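J.: Fold the following.
(one chain, ligands or ions: 1)
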Amino acid sequence: MQAPLVFRLGYVALNVTDPERAAEDTANIVGARVSVRESDIIMLTSNQRHAEMILYRAGENSLRRVGLEAVDADAVDKVRERAEAAGLRIISTTPSFPFIRKAVTFLTSEGHAIEVHTPMPLDQPLRYHGPGAHPRFLDHINFAAVNPRQFAEEMHAATGLLLTERTTGYEIMWMRAADGRHHAVAAVKGNTGVHHISWEFESIRGLQTIADGLTVEERGLVWGPGRHGAGDNLFQYYVDSAGFLIECIAEMEIIQDLDMPPRVSDPGENLSNWRVVNKWGALPPIEWIEHFNECCPQSYHE
Ligand SMILES: [Fe+2]
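T.: Next up, the predicted model:
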């Protein structure tokens, strides 16, 4: 199998009604810090990369666009060719931001906007002061899709992301990029949008700091801590100030084998198979299962 043209998740861009509050919440709870602050856009990062989470002032809270980092500039051209060959709509070949050198943005057939771009500049200080748990990086996004199987086929066709694992009926599927992490992109069956966005921490101590930070504002976790079967990662989830479901993880499985056949797991009816869903035992609550934020169609034209 060819190596993916994408190395890792690049950024997640969100529409939010109150970017100041969303940035403050992300800084206080997660511990990412603001790298760019303009009147209608705030960017946050947790490492040297210029931006990982990008907040646009908007009329609603929704997923705007997702950036995937190409392995190099040539890979951006290949993604463009492959997306066109797969019949996907290219909506831009101009990078979304001046600090990105080269990019192509396409839509999945359901309408998820994906920008494949050259790597983020490493122009921010590695270490910084501030509250929260200071993640290592924004590590994966779990989309929601009407047809996760088609979503996986389109993402593989356009970007070479590899299917790592899926459930028996493609209710959930996980794809890995060239860095080998079990998943950088996932999709769960539902409507077209996003289920959750994930930050990775050095260890479970980061998850403890997050949970304790939430208690300061009398907020709590939605699910976890636990350990997922798919990815073997430690996890916990909370809902941020803008209503997005945020996952905090550590210890994601790394898979070096490009030819590993996709795993098939059986999550049981309503995710009742705890051996797959949470090795530590507690099943997800209905708030987790039903969580959903939509994609915003009007933001594709910018
Ligand atoms: Fe996840």
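
J.: So which elements touch the lowest-mean-pLDDT helix or strand in the chain?
T.: Among the helices and strands of the chain, helix 274-277 carries the lowest confidence by mean pLDDT, DSSP states H and E, at a mean of 88. Packing contacts for helix 274-277, counted by 3 or more CB pairs under 8 Å, 6 or more residues apart in numbering; DSSP states H and E, involve no helix or strand. For every residue, glycine as well, the C-beta is placed using N, CA and C.

J.: Name the residues of the helix or strand that that helix is followed by that come out as buried.
T.: Sequence order places helix 286-289 as the next helix or strand after helix 274-277, per DSSP states H and E. For helix 286-289, the neighbour count (16 or more other CB atoms under 10 Å) marks Trp288 as buried.

J.: Next up, the contacts around the residue lying closest to Val222 once chain neighbours are set aside.
T.: Closest residue to Val222 apart from its sequence neighbours, by CB to CB, 6 or more residues apart in numbering: Tyr237 at 4.5 Å. Applying CB atoms under 8 Å, 6 or more residues apart in numbering to Tyr237 gives the contacts His196, Leu221, Val222, Trp223, Gly224, Leu245, Ile246, Glu247, Cys248, Trp288.

J.: if you set the cut-off to 7 Å instead, what comes out?
T.: Tyr237 sits next to His196, Leu221, Val222, Trp223, Gly224, Leu245, Ile246, Glu247, Trp288 when contact means CB atoms under 7 Å, 6 or more residues apart in numbering.

J.: Is the fifth one located within a strand, as I assumed?
T.: Yes: following the definition DSSP: H, G, I helix; E, B strand; the rest coil, Gly224 is counted among the residues of a strand.

J.: What about the closest residue in space to it that isn't next to it in sequence, how many residues nearby?
T.: Nearest residue to Gly224, sequence neighbours excluded (CB to CB, 6+ apart): Gln236, at 3.1 Å. Gln236: 22 surrounding residues under other CB atoms under 10 Å.

J.: Pretty sure Gln236 sits against Leu221.
T.: Yes: with contact defined as CB atoms under 7 Å, Gln236 reaches Leu221; the gap is 5.2 Å.

J.: What is the neighbour count of Arg275?
T.: 12.
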